[in-house]
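Peer 1: could you look at this predicted model? Sequence included:
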Amino acid sequence: MGSAGTGNFGNYPGNADPSKDMCRMERKNIKLEEVGRSEYLNEHGDVPAIMEPVYLSDQLKNGRLAVLSENSNKEIGYLPSSNSSLLACMRKGFSYRGNVIYSTLRPIPKVDVDLHAEE
């Protein structure tokens, strides 16, 4: 036995546009890519501190979504392609801010961030 419906989340009351709800989801533990080549590391010689505020750039850089430090406006790293759907959300008027939740310089520069949506 199954339920009747179209297979879309839109069947549920209050959920007329499931893509907007997807855009509102908080993104946790995003491991940034290419941190070792970032503007931030090149300028500061270090990775950003835990809890440093960050935002997702509304401009693609080298065809990628870049995360920047709010304090310096320097690119820290790129989002993995698994998060590329955020570009469509940004085109719908969403922006993304958050914080560094993990960072280390050695043995390999790494930065993880949490991002939340703003409309």
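Peer 2: Noted; the coordinates are in hand.
Peer 1: please count neighbours and contacts with C-alpha atoms only from this point.
Peer 2: OK.
Peer 1: for the residue lying closest to Gly93 once chain neighbours are set aside, give its distance to Cys89.
Peer 2: Spatial nearest neighbour of Gly93, excluding adjacent residues (C-alpha to C-alpha, 6 or more residues apart in numbering): Glu119 at 6.2 Å. Distance, Glu119 to Cys89, using C-alpha to C-alpha, to the nearest Å: 10 Å.
Peer 1: so what's in contact with those two at the same time?
Peer 2: Ser95 (C-alpha atoms under 8 Å, 6 or more residues apart in numbering).
Peer 1: and these two? which has more neighbours close in?
Peer 2: Using other C-alpha atoms under 10 Å as the criterion, Glu119 and Cys89 rank with Cys89 on top: 20 against 11.
Peer 1: surely the more buried one touches Cys23?
Peer 2: Yes - using C-alpha atoms under 8 Å, Cys89 is in contact with Cys23, at 5.5 Å.
Peer 1: following element in sequence after the worst-scoring helix or strand of the chain on mean pLDDT, please.
Peer 2: Lowest on mean pLDDT, DSSP states H and E among the helices and strands of the chain sits helix 18-24, with a mean of 78. Once helix 18-24 ends, the next helix or strand along the chain (criterion: DSSP states H and E) is strand 27-31.
Peer 1: list the buried residues of the very next helix or strand once past that following strand.
Peer 2: Downstream of strand 27-31, the first helix or strand assigned by DSSP H and E is helix 39-44. Neighbour-count burial for helix 39-44, counted by 16 or more other C-alpha atoms under 10 Å, picks out 39-41.
Peer 1: cool, and stretch 65-76?
Peer 2: Those would be 65-70, 74-76, for stretch 65-76 by 16+ other C-alpha under 10 Å.
Peer 1: now swap in stretch 52-64 and tell me
Peer 2: Those buried within stretch 52-64 under the rule 16+ other C-alpha under 10 Å are 53-57, 64.
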